[in-house]
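[1] sequence and predicted model, in that order:
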Amino acid sequence: MIRSGPRSALIDIGVAALTVIVLAAILEIWTAALRVPPYLFPAPSAVGARLARDPAFFAGEASVTLVEAAAGFALGTLLAFAAASAMTFSRSLERTIFPVAILVKLTPVVAIAPLFTLWFGFGPFPKIAVAGLITFFPMLVNAFVGLRSVDPQELAFLQTLGASAREIFWRLRAPSALPYLFSAARVSANLALIGAVVAEWTGAERGLGRTIFVANANLDLTTLFGAVLILAGLGIVVNAAVGALERRILHWHPITLTA
Amino acid sequence: MSEAIALDHVSVGYGRGPVLADVSFAVQDGEFVAVAGRSGTGKTTLLRAIAGLIQPEAGSVRVLGGAPAEARRAKRIGLVAQDALLHPWLTVLANVELPLQVNEDGDSGGALPPREWVERVGLTSAISRYPHELSGGMRQRVALARALVTGPDLLLMDEPLAALDELTREELRGEIVALWSASRCAVVYVTHDLDEAVLLADRVLVLGGHPGHVTGEVAVDVARPRPLRLTREPQLVLAAESVRQLLP
């Protein structure tokens, strides 16, 4: 059966919600039956109560993390697309940029994040930078492959019309790269959230990462689990948003047509 | 009448020996020439050489009185390939408008605006549709309109009907001839279908061998309009037989 865009998104969210409810019920029974102490594993009902008691607090912290992740994702995507474009135009730039990109990819975020905090302070920039860094590599590789993977016959067609390299880039290469960019975005958008959270651990005044860090130090596991739950929810929403955008922009692509 | 294309002892290759060797022929302005041959004899490579997308290793190619690159820059060459090569993210109309939008310095003095080209190929009702919503025949009609919108003096066609069913092919053959008659541009029509070659062309060049070379040519002296099927005209059957005998 062919599923329509919004309906398919609703079914996805429904299935995800049902899974969470079933999982919560199992954990509730388990914690009650074995009298698991809340400092080891809080009952889902306690986590729910904590979230319900202070929704503005969690919403505020989540929005801080979300803005940092979104800004980092945008920055990483923009830089990756620019680098991939440069690599498309010049083999020597490809040879220069790729090894640096692999070096960036191989450096663990947990090692970089404290350095960024040391260099750039406790403000939002180090978090944005870490989210951008974690976004950069998958976006770069996919953008590069997408920009290069054009049909040689389509290229010949535009060349026959005397199209310039710039026109070929914007009229053929860039639109052809979009499906690749969306595939990468599905991975990178969630990675950007993780990047922002990890960066907040190394020094921040606000954010879900900061909340998790402080709650962990205080053995306040209900707050910790509440923040983790909110983070997971953000991940699902971000994933759905990327999917919806993909269906809207790539309405012509087989990925969308056969979904 | 002047020459639209003049190939003089042209050899072309991709660095691993020539694909075409010592090819010489001319196409006059307004002439419809078919290039027939088996698969792998360098027919597509020949079109690429005429369009100047690949440089010959030997010999010279002149198109519309100059170098192919000049004709390309002036947008005097149209191209229709086996795959319609439409941009899937553009509507029918936007695809037909595309050649007018790229290389704006080139001559875009087409006889008709894009909407009328869409109408002429019978797709007005599908003007806002996307390529995935069209049949193979409809897509090739869009490709035809797109190739003609700039008013080219030379149309290169690379097996444009090869991927279509027989009935659609018959229909489109008629449309190709009608569009060509109206525009009177020179056409080089590559095909491996010998019947199609004699049905459409004033002259059929036969390409064969490895590397590919012109093994002969057959003039099709049958008045137009011609029938849609070969069997209805004995002279066309004879011409097709002559072409077949020239195939190595």
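    Great, that's in hand.

[2] wait, what's in contact with the nearest residue to residue A:43 once chain neighbours are set aside?
    If the residues on either side of it in the chain are set aside, residue A:43 comes closest to residue A:31, at 4.2 Å by CB to CB, 6 or more residues apart in numbering or on different chains. Quick note: C-beta positions are derived from backbone N, CA and C, even for glycine. Contacts for residue A:31 (CB atoms under 8 Å, 6 or more residues apart in numbering or on different chains) come out as A:41-44.

[3] close to chain B: what parts of chain A are there?
    A:151, A:153-154, A:156-164, A:167, A:171-172, A:175, A:178, A:251-253, A:257 (CB under 8 Å from any CB of the partner chain).

[4] buried stuff in the helix or strand encompassing the residue nearest to residue A:43?
    For residue A:31, the host element (DSSP states H and E) is helix A:5-33. For helix A:5-33, burial by neighbour count (16 or more other CB atoms under 10 Å in any protein chain shown) applies to A:9, A:24, A:27-28, A:31.

[5] center of the chain, which residue is that?
    Assuming you mean chain A. With distances taken as CA atoms, centre = their mean, residue A:189 lies nearest the centre of chain A, 1.6 Å away.

[6] wrong one, chain B
    The residue lying closest to the centre of chain B (CA atoms, centre = their mean) is residue B:157, at 2.0 Å.

[7] name the residues that touch the helix or strand containing that residue?
    Under the criterion of DSSP H and E, residue B:157 resides in strand B:154-158. With contacts defined as CB under 8 Å, 6+ apart, strand B:154-158 is touched by A:160, B:4-5, B:43-44, B:47, B:50-51, B:63-64, B:71, B:76-82, B:147-148, B:176, B:180, B:183, B:185-190.

[8] where does chain B have low pLDDT?
    Applying pLDDT under 70 to chain B flags residues B:1, B:107-111.

[9] show me which residues of it are close to chain A?
    B:48, B:51, B:53, B:72-75, B:77-79, B:81, B:83, B:85, B:87-89, B:98-99, B:102-103, B:106, B:130-132, B:150, B:156.

[10] pull out the buried members of those.
    For the residues of chain B next to chain A, a burial check counting by 16+ other CB under 10 Å picks out B:48, B:51, B:53, B:72-75, B:77-79, B:81, B:83, B:85, B:87-89, B:98-99, B:102-103, B:106, B:130-131, B:150, B:156.

[11] hmm, who's touching whichever helix or strand residue B:237 is part of?
    Using DSSP H and E, residue B:237 falls within helix B:234-246. The contact list for helix B:234-246, computed with CB under 8 Å, 6+ apart, reads B:36, B:194-195, B:197-199, B:204, B:206, B:208, B:215-218, B:220-222, B:226-227, B:230-231.

[12] let me know the closest of the buried residues of helix A:5-33 to residue A:184.
    residue A:9 (20.2 Å; CB to CB).

[13] mind checking pLDDT for the closest residue to residue A:16 other than its chain neighbours?
    Spatial nearest neighbour of residue A:16, excluding adjacent residues (CB to CB, 6+ apart): residue A:236 at 5.7 Å. If you check residue A:236, the pLDDT there is 87.

[14] ok, back up a step: which of the residues of chain A next to chain B fall within helices?
    A:153-154, A:156-160, A:167, A:175, A:178, A:257 (DSSP state H).

[15] list the contacts of residue B:96.
    Going by CB under 8 Å, 6+ apart, the list of residues near residue B:96 reads B:114, B:117-118, B:142, B:145-146, B:149.

[16] neighbour count, distance to residue B:241 and secondary structure added to those residues, as JSON lines?
    Listed next are the contacts of residue B:96 as JSON lines, based on neighbours: other CB atoms under 10 Å in any protein chain shown; distance: CB to CB, whole Å; DSSP: H, G, I helix; E, B strand; the rest coil:
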{"residue": "B:114", "neighbour count": "21", "distance to residue B:241": "42", "secondary structure": "helix"}
{"residue": "B:117", "neighbour count": "24", "distance to residue B:241": "37", "secondary structure": "helix"}
{"residue": "B:118", "neighbour count": "26", "distance to residue B:241": "39", "secondary structure": "helix"}
{"residue": "B:142", "neighbour count": "27", "distance to residue B:241": "35", "secondary structure": "helix"}
{"residue": "B:145", "neighbour count": "27", "distance to residue B:241": "35", "secondary structure": "helix"}
{"residue": "B:146", "neighbour count": "29", "distance to residue B:241": "36", "secondary structure": "helix"}
{"residue": "B:149", "neighbour count": "25", "distance to residue B:241": "38", "secondary structure": "coil"}
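
[17] which one of these sits closest to chain A?
    residue B:146 (8.9 Å; CB to the nearest CB).

[18] what about residue A:131, which SS state?
    Look at residue A:131: counting by DSSP: H, G, I helix; E, B strand; the rest coil, its state is helix.

[19] which residues in chain B form helices?
    Under DSSP H, chain B gives helices at B:43-50, B:68-73, B:92-101, B:114-120, B:136-148, B:166-183, B:194-200, B:234-246.

[20] so which of the ones you listed gets nearest residue A:111?
    helix B:92-101 (48.8 Å).

[21] distance from the chain centre to that closest one, please.
    In terms of CA atoms, centre = their mean, to the nearest Å, the centre of helix B:92-101 is found 19 Å from the chain centre.

[22] and the angle for that helix with helix A:152-160?
    Counting by axes from the mean of the first three to the mean of the last three CA atoms, to 10 degrees, helix B:92-101 lies at 50 degrees to helix A:152-160.

[23] buried set for helix B:92-101?
    B:92-100.

[24] what about stretch A:40-57, start to end distance?
    Length of stretch A:40-57, first residue to last, CA to CA, to the nearest Å: 23 Å.

[25] contact partners of it?
    Here stretch A:40-57 has contacts from A:24-25, A:27-28, A:31-32, A:36, A:38, A:58, A:221-223, A:225-226, A:229-230, using CB under 8 Å, 6+ apart.

[26] circling back to that earlier point, so what's the residue nearest to the centre of chain B bridging to?
    When assigned by DSSP bridges, residue B:157 has beta-bridge partners residue B:80, residue B:189.

[27] how near is it to residue A:197?
    With distances taken as CB to CB, to the nearest Å, residue B:157 is found 58 Å from residue A:197.
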